[in-house]
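Student: Need a 3D model of the following:
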Amino acid sequence: MKNLLKLLVLTLFLFSGTAVNAQNFKFGHINSQELLSIMPERDSAEAIIQKYAMELEGELEIMQVEYRNKVNDYLEKQDNLSNLVKQTKEQEINEFQSRIQEFSNSAQQEIQKQEAQLIQPIIMKAEKAIKDVGKENGFTYIFDLSRGAVIFFSEQSEDILPLVKKKLGLEE
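Tutor: Here you go, the predicted structure:
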């Protein structure tokens, strides 16, 4: 009985200490997508990416016009072509179609690669500012609302977007 009483007192002591410690936590939240959308570097990076994408689209359109011309030429002349010439033309058309598909796939990969290369430093800059604000203001946790993991936050959780905007010099 004496051991049970000691265990009960120890348990109450531990839980009361936890309750006191929990009050020392400072929570913050931010919508990082909103932050990224107002960073001026994002606009210039997106402009570069769009210009590159349009350049590749232009090249793809030229290839598609050439492909359609080859197909139309073949269809117009196919009745007058020998079997060997037909097979050669069909093979040429199929190979050209494959080249177009390969170019399209490569272009998409290159656009994604360039996007990652240009956007990643901006994301890193934003994350650094968020971490700096967290350290400077004594936050225990900062939750990113744009990532969808936080279901609830109370009024005691502070929106740190204004602090991060100030840190990045994005005052409006």
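Student: C-alpha only now, for contacts and for neighbours.
Tutor: Fine.
Student: Just checking, which helix or strand of the protein averages the lowest pLDDT?
Tutor: Least confident helix or strand of the chain, by mean pLDDT, DSSP states H and E, is helix 2-22 with a mean of 45.
Student: So which residues make contact with the following helix or strand past it?
Tutor: For helix 2-22, the following helix or strand on the C-terminal side (DSSP states H and E) is strand 27-30. By CA atoms under 8 Å, 6 or more residues apart in numbering, the residues outside strand 27-30 that reach it are 139-146, 156-161.
Student: Quickly run through the sheet partners of strand 27-30, with directions.
Tutor: Next to strand 27-30 in the sheet, as set by DSSP bridges, lie strand 141-144 (parallel), strand 158-159 (parallel).
Student: Which element is encountered next along the chain beyond that strand?
Tutor: Later in the chain than strand 27-30, the nearest helix or strand by DSSP H and E is helix 32-38.
Student: for that next one, packing partners?
Tutor: When contacts are defined as 3 or more CA pairs under 8 Å, 6 or more residues apart in numbering; DSSP states H and E, helix 32-38 sits against helix 83-136.
Student: Which secondary structure elements does the helix it packs on sit against?
Tutor: On a contact count with 3+ CA pairs under 8 Å, 6+ apart, helix 83-136 meets helix 32-38, helix 40-77, helix 161-167.
Student: nearest to Ala116, of these?
Tutor: Of all the helices and strands packed on helix 83-136, it is helix 40-77 that lies closest to Ala116, at 10.1 Å by CA to CA.
Student: Tell me what angle that closest one forms with helix 83-136.
Tutor: 170 degrees (axes from the mean of the first three to the mean of the last three CA atoms, to 10 degrees).
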